[in-house]
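Q: coords below, sequence missing:
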């Protein structure tokens, strides 16, 4: 019996030695880390142009701050797919290509609108190193040009640039909240809604083409001067059945996020007209008090959706000097003005999704499923086909929060005297 125990112990020790081996270990300096993967449509049929943004993960760190290696490298080449491209890239790269720190996938607008896009993007599911939470970005120009022209000036660790700017864009809801591969495939498979991807560009408009009206613009329209990185992220590329069909501005993207109970919303800074002085606008911070109330009657003709939203409005500026804090009547006028303006904003976006996109980006199809006893009944209802003809009623229930620290405003005449 003791001999058997001794044999078991020896076998376990041998197994431990084998399991703790480093036969498959790869040193970090032997890898080419792809920070961003770019995909463009090739002039050759059923082929794509792959672009690698390769960055040095040691640059800017304490250990690698003094490295003499280049900060970045961008290469583009034509292949059948981006999975086999990893091996082909070693024709010119001396290091093993890896996607283990991939920050984003960028596809050109031209490629995203192509019928074959859905076939090629599904390869990401088969690549073990590409995570489901990898952001999907659509660039107005070719992805190769977008990555070449993207040069952050103050971010020393360039491989972190995309992570940081996408996170900040989500906080302001000026880009989609869930623009990741996993949600893209879920939306395509359900065939009952629209997917919103982050929209970006390095091609900035000039002159009369600029439209810097609040957040009601898309990437490239925001006017900025100085020694800058030309890359902008704002708005959303709209996908239906795995193909890009249109765009939403930054403000419209905010509305789409706000109307989706499944999306996390942050503090939204937006402006409203001052009802007592049309020359001024009032800056506000808007937060969602609780989930939107959504009631559906899918058996009526036409089917109806009754939506009620509950924003809390904090007033941050008051350039007209109207005393909204103490004067309840004036505060009610302001409240009605905000309700009317916000209701129109929400209705415009819903109307655009029904008439132009003919699909729902708000996650309402998931709520509609609960109204059917079986999957076959829901499929027979055909949400995608029925949604454009639905009647959508919207109610905005505004609650005021703070009016700033200074409750008593000085009279303008007294200040001037």
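A: Structure's in. What do you need? Note that the structure is predicted; figures quoted are calculated from it, not measured.
Q: I figured residue 254 was touching residue 216, is that so?
A: No - applying C-beta atoms under 8 Å as the test, residue 254 and residue 216 come out as separate, 9.7 Å apart. To be clear about C-beta, it is placed using only N, CA and C from the backbone, and glycine gets the same treatment.
Q: how much space between the residue nearest the centre of the chain and residue 265?
A: With distances taken as C-alpha atoms, centre = their mean, the residue of the chain nearest its centroid is residue 176 (2.9 Å). Distance of residue 176 to residue 265, given as C-beta to C-beta, to the nearest Å: 12 Å.
Q: anything in contact with each of these two?
A: Overlap of the contact sets of residue 176 and residue 265 (by C-beta atoms under 8 Å, 6 or more residues apart in numbering) consists of residue 257.
Q: pLDDT of the one helix or strand residue 331 maps to, averaged?
A: Per DSSP states H and E, residue 331 falls inside helix 328-352. For helix 328-352, mean pLDDT is 94.
Q: residues in contact with the nearest residue to residue 336 once chain neighbours are set aside?
A: Closest residue to residue 336 apart from its sequence neighbours, by C-beta to C-beta, 6 or more residues apart in numbering: residue 275 at 7.8 Å. The contact partners of residue 275, by C-beta under 8 Å, 6+ apart, come to 333-334, 336-337.
Q: which member of those is positioned nearest residue 40?
A: residue 337 (47.0 Å; C-beta to C-beta).
Q: the closest one - how many residues pack around it?
A: Other residues lying near residue 337 total 16 when counted by other C-beta atoms under 10 Å.
Q: so residue 360 touches residue 386, yeah?
A: No - using C-beta under 8 Å, residue 360 is not in contact with residue 386; the gap is 10.1 Å.
Q: who has more neighbours, the two?
A: Remark: of residue 360 and residue 386, residue 360 carries more neighbours, 25 against 13, as counted by other C-beta under 10 Å.
Q: contacts only, for the more buried one.
A: Going by C-beta under 8 Å, 6+ apart, residue 360 touches 192-194, 353, 383, 387.
Q: which ones among those residues map onto strands?
A: Among the contacts of residue 360, the members falling in strands (DSSP state E) are residue 194.
Q: between the contacts of residue 360, which is nearest residue 146?
A: Among the contacts of residue 360, and counting by C-beta to C-beta, the member closest to residue 146 is residue 194, at 23.2 Å.
Q: what about that closest one, distance to residue 112?
A: For residue 194 relative to residue 112 (C-beta to C-beta), the value is 13 Å.
Q: which residues do those two both contact?
A: residue 239.
Q: higher neighbour count, residue 254 and residue 216?
A: residue 254 (27 against 16).
Q: hmm, residue 105 is touching residue 136, no?
A: Yes - using C-beta under 8 Å, residue 105 is in contact with residue 136, at 5.6 Å.
Q: overlap in contacts, those two.
A: Common neighbours of residue 105 and residue 136 (C-beta under 8 Å, 6+ apart) are residue 181.
Q: strands along the stretch 101-250 of the chain, start to end?
A: 104-108, 136-139, 194-201, 232-240, 243-248 (DSSP state E, counting those that start in this stretch).
Q: assign a three-state SS to residue 77, would you?
A: strand (DSSP: H, G, I helix; E, B strand; the rest coil).
Q: make 12 the first number, not 1, from now on.
A: Sure, I'll start counting at 12 from here, so that last one is residue 88.
Q: that one: what's it in contact with?
A: Taking C-beta under 8 Å, 6+ apart, we find residue 88 in contact with 60-61, 96, 99-100.
Q: with neighbour count added, can I get those residues in CSV?
A: Shown next, in CSV, are those (neighbours: other C-beta atoms under 10 Å):
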residue, neighbour count
60, 21
61, 27
96, 17
99, 16
100, 21
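Q: looking at those residues, which is nearest residue 239?
A: Using C-beta to C-beta, those come closest to residue 239 at residue 60, 27.4 Å.
Q: A helix includes the closest one, no?
A: No - going by three-state DSSP, the assignment for residue 60 is strand, not a helix.
Q: without its sequence neighbours, what residue ends up closest to it?
A: Residue nearest to residue 60 in three dimensions, not counting chain neighbours: residue 51, with 4.0 Å by C-beta to C-beta, 6+ apart.
Q: check which helix or strand that neighbour maps to.
A: Residue 51 belongs to strand 42-52 when assigned by DSSP H and E.
Q: that strand - what's its average pLDDT?
A: Averaged over strand 42-52, pLDDT sits at 89.
Q: pairing partners for that strand, with directions?
A: If you go by DSSP bridges, strand 42-52 pairs up with strand 59-66 (antiparallel), strand 107-109 (parallel), strand 115-119 (parallel).
Q: can you put those strands in JSON lines and add distance to residue 238 and mean pLDDT?
A: Below are the strands paired with strand 42-52 laid out as JSON lines (distance: least, C-beta to C-beta, whole Å; pLDDT from 0 to 100):
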{"stretch": "strand 59-66", "distance to residue 238": "22", "mean pLDDT": "90"}
{"stretch": "strand 107-109", "distance to residue 238": "33", "mean pLDDT": "83"}
{"stretch": "strand 115-119", "distance to residue 238": "24", "mean pLDDT": "96"}
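Q: right, and those - which one's nearest residue 299?
A: The nearest among the strands paired with strand 42-52, by C-beta to C-beta, is strand 115-119 at 27.3 Å.
Q: centre of the chain to the closest one, how far?
A: Centroid separation between strand 115-119 and its chain, computed with C-alpha atoms, centre = their mean, to the nearest Å, is 12 Å.
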